[in-house]
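Novice: What shape does this take:
(one chain, ligands or ions: 1)
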Amino acid sequence: MTQTLVEPKVKVDRKWQLWIDGKFEDGESERELYNPATGKVLTKVSEASTKQVEKAIKAARKAFDKGPWPRLTAQERSHFLFKIADKIEEHKEELAQLETMNGGKPIRESRYDVADAANCFRYYAGLVTKPSGQQVDVPAPSFTTIVREPIGVCGQIIPWNFPLLMAAWKLAPALAAGNTCVLKPSEYTPLTAIRLAEILSELELPNGVVNIVLGAGPSVGQPIAESTLVDKIAFTGSVKTGKLIASSALTNLKKVTLELGGKSPMVVFSDFDLDIAVDYALFAIYCNAGQVCSAGSRMIVEENIYDDFVKKMSARAKKIKVGAGLDENTEMGPLVSESQLKRVMEYIEIGKKEGAKLEVGGDRPTNKELGNGYFVSPTIFSNVKPDMRIAQEEIFGPVVVVEKFKTEEEAIELANDSQYGLAGAVFSNDITRAHRVVKAIRAGITWVNVYHNTYAECPWGGYKQSGWGRELGVAGLEAYTELKQININLDPQPVGWFAE
Ligand code: NAD
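Specialist: Numbers count the residues shown, from 1 in each chain. The predicted structure is shown next:
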């Protein structure tokens, strides 16, 4: 494949620092980051000490307790959020290239993510100025209103698969509601978050409203989750870490939202156009090389089209252009890290040992350009039984399993046979059946005859072990607020409960 490399707009060989209380500072240690497409060192970033994490939390505390941010009007905060969106757009190509260099995803996906991040800030900039709260008709003489107030200091811990977008999903609603934030990006992909901080620093946000600390989960994330100065923790990542976060949050019973993993089903009925279904199946699993929490990683296909589906999907999967993310022709990039590569290759071995049939992929490209990167070929397993580990566990790579069903009831049973409940899709031309099945799927994000559509306007989150609470939409803003009732006695008289 001939390469068409993007015109470089970004330099990574520079200082990457922490942002605490409105100032950039070096951390007390350094970490090397790798280019996932080559396996070579990309750059070095500063990482925070425990003291620096505490300093960031205290800065956010002070900015909330004494600073102007929570006391601004909604319209004033909205104004800042619109400016953040404009700034992201101004730097869109640079941010997209940085995302691809750091995380490996194809440049077309990074460009999409950057646009989505700006859109998220705009959505919350608009939403926060709309009417909220209630006036309640209680017995006179009380005048009673219910209002929403910011929660306080929000610790925000995010993963590596959508670094800038996850930062936007966390910061935009939190700031809109008047909170202050300590954000910890993944140690693998901190670059766009730091660049975002640099962009924010041009906007004269009050000091300490947003702080960005870099480093590993146990040394930097855990102290945030445990801190009694933090009022809410918003986490996106694996179920395993989500459970640790929930227990760390018990120190002061801080509010917790968790966006965790998935093993999402895509149910295909034989009345639907097979080629279109296969096209969506590729999109469902191979976007971002399968490193998407809502990836369609379990195809559940009606028996009478099963063989044709597997054959067509395998033929199309073989044609996917795997390559470096900075190549404009690349359709699927590498995995984010060597450890993720190892994990995915291990699951491929598990699948083979469990007796599933490897239809395509299962290997790493060995050619000169890609051989040292963290690439895995698009992989399909057929003859998969629901109790196999590859059908139950989140692989988080370009690996899909194809299961077979005979009846609608069986399709629903297979779709729901999971500890997860993040997303799910149904493909059928019978609208009544499609509606019945999609209603029966126990998941927070569902689609009919489409996959992966995500809207800032709609709540995002999962049933079962896919998490607690929702991000995005009105629910996403409410998750950054406390509810307060205010009762005003309009005609004070002696209460008369006790004798004088
Ligand atoms: P991870 O759980 O390993 O790490 C996520 C974040 O938590 C990182 O910043 C990490 O440094 C931090 N962390 C790790 N240990 C910690 C600890 N003890 N205390 C505090 N913080 C800690 O997840 P990952 O590998 O970065 O991301 C992949 C996972 O994220 C997948 O399971 C995926 O499904 C999930 N995800 C979910 C959504 C969603 O919206 N539901 C979106 C994206 C990713």
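
Novice: burial count for Leu33?
Specialist: 21 (other Cβ atoms under 10 Å). Yep, even glycine has a C-beta here, placed from its N, CA and C like the rest.

Novice: and it, backbone torsions?
Specialist: phi -110, psi 150 (degrees, to the nearest 10).

Novice: That one and Val209, how far apart?
Specialist: The spacing between Leu33 and Val209, counted by Cβ to Cβ, to the nearest Å, is 27 Å.

Novice: Nearest spatial neighbour of Leu72, chain-adjacent residues omitted?
Specialist: With Cβ to Cβ, 6 or more residues apart in numbering as the criterion, Leu72 has its nearest non-adjacent residue at 7.3 Å, and that residue is Gly178.

Novice: Same question for Phe82.
Specialist: Spatial nearest neighbour of Phe82, chain neighbours left out: Ala125 (4.6 Å); criterion: Cβ to Cβ, 6+ apart.

Novice: What distance do you get for the residue nearest to Leu72 to the ligand?
Specialist: The spacing between Gly178 and the ligand, counted by Cβ to the nearest ligand atom, to the nearest Å, is 24 Å.

Novice: check contacts around that residue.
Specialist: Applying Cβ atoms under 8 Å, 6 or more residues apart in numbering to Gly178 gives the contacts Trp69, Pro70, Arg71, Leu72, Arg77, Glu149, Pro150.

Novice: again, but for Thr73
Specialist: Thr73 neighbours (Cβ under 8 Å, 6+ apart): none.

Novice: now swap in Leu370 and tell me
Specialist: Taking Cβ under 8 Å, 6+ apart, one finds Ala37, Val322, Gly323, Ala324, Pro334, Arg364 in contact with Leu370.

Novice: Phi and psi next, for it.
Specialist: phi -110, psi -10.

Novice: Likewise for Leu42?
Specialist: Backbone dihedrals for Leu42, given as degrees, to the nearest 10, come out at phi -100, psi -50.

Novice: What is the burial count for it?
Specialist: Leu42 is flanked by 17 other residues according to other Cβ under 10 Å.

Novice: Which residues of the chain lie near the ligand?
Specialist: Residues of the chain found near the ligand (Cβ under 6 Å from any ligand atom) are 157-161, 184, 186-187, 216-218, 221-222, 225, 236-238, 241, 244-245, 259-262, 293, 394, 396, 422, 467.

Novice: Now go through the residues you listed and say which are in strands.
Specialist: Ile157, Lys184, Thr236, Glu259, Gly467 (DSSP state E).

Novice: so where's this structure uncertain?
Specialist: Applying pLDDT under 70 to the chain flags residues 1.

Novice: Any idea which residue is closest to the centre of it?
Specialist: Centroid check for the chain by Cα atoms, centre = their mean gives Met166 as the closest residue, at 4.9 Å.

Novice: can you tell me how far that residue sits from Pro159?
Specialist: Distance from Met166 to Pro159, by Cβ to Cβ: 6 Å.

Novice: overlap in contacts of these two?
Specialist: Each of Thr236 lies in contact with both Met166 and Pro159 under the rule Cβ under 8 Å, 6+ apart.

Novice: about what we covered before: filter the contacts of Gly178 down to just the buried residues.
Specialist: Buried residues within the contacts of Gly178, defined by neighbour count using 16 or more other Cβ atoms under 10 Å: Trp69, Pro70, Arg77, Pro150.

Novice: Would you reformat the residues you listed as TSV and include secondary structure?
Specialist: Shown next, in TSV, are the buried ones among the contacts of Gly178 (DSSP: H, G, I helix; E, B strand; the rest coil):
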residue	secondary structure
Trp69	helix
Pro70	helix
Arg77	helix
Pro150	strand
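
Novice: Which two of those residues have the greatest separation?
Specialist: Farthest apart among the buried ones among the contacts of Gly178 by Cβ to Cβ are Arg77 and Pro150. That separation is 9.9 Å.

Novice: Enumerate every residue touching the closest residue to Ile107 other than its chain neighbours.
Specialist: What sits nearest to Ile107 in space, not counting adjacent residues and going by Cβ to Cβ, 6+ apart, is Thr100, at 5.0 Å. Residues in contact with Thr100 (Cβ under 8 Å, 6+ apart) are Pro106, Ile107, Ser110, Gly325, Leu326, Gly333.

Novice: what about the longest helix in this protein?
Specialist: Identified as the longest helix of the chain according to DSSP state H is helix 107-127.

Novice: Kindly reformat the contacts of Thr100 as TSV and extend each row with neighbour count.
Specialist: Output for those, formatted as TSV (neighbours: other Cβ atoms under 10 Å):
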residue	neighbour count
Pro106	26
Ile107	23
Ser110	32
Gly325	29
Leu326	22
Gly333	29
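
Novice: mind checking how far the residue lying closest to Pro8 once chain neighbours are set aside is from the ligand?
Specialist: Leaving aside its chain neighbours, Pro8 sits nearest to Gln97 (6.8 Å; criterion: Cβ to Cβ, 6+ apart). For Gln97, the distance to the ligand (Cβ to the nearest ligand atom) stands at 21 Å.

Novice: any idea where the helices of the stretch 1-150 of the chain begin and end?
Specialist: Ranges of helices within the stretch 1-150 of the chain are 50-65, 74-90, 92-103, 107-127, based on DSSP state H, counting those that start in this stretch.

Novice: Thr446: which of the ones you listed is closest?
Specialist: The minimum distance between Thr446 and these falls on helix 107-127, with 19.9 Å, by Cβ to Cβ.

Novice: Just list what the closest one packs against, helices and strands only.
Specialist: When contacts are defined as 3 or more Cβ pairs under 8 Å, 6 or more residues apart in numbering; DSSP states H and E, helix 107-127 sits against helix 74-90, helix 92-103, helix 163-177, helix 473-478.

Novice: Can you tell me who the nearest residue to Gly361 once chain neighbours are set aside pairs with across the strands?
Specialist: Leaving aside its sequence neighbours, Gly361 sits nearest to Thr379 (Cβ to Cβ, 6+ apart; 3.3 Å). Beta-bridge partners of Thr379, counted by DSSP bridges, are Val399.
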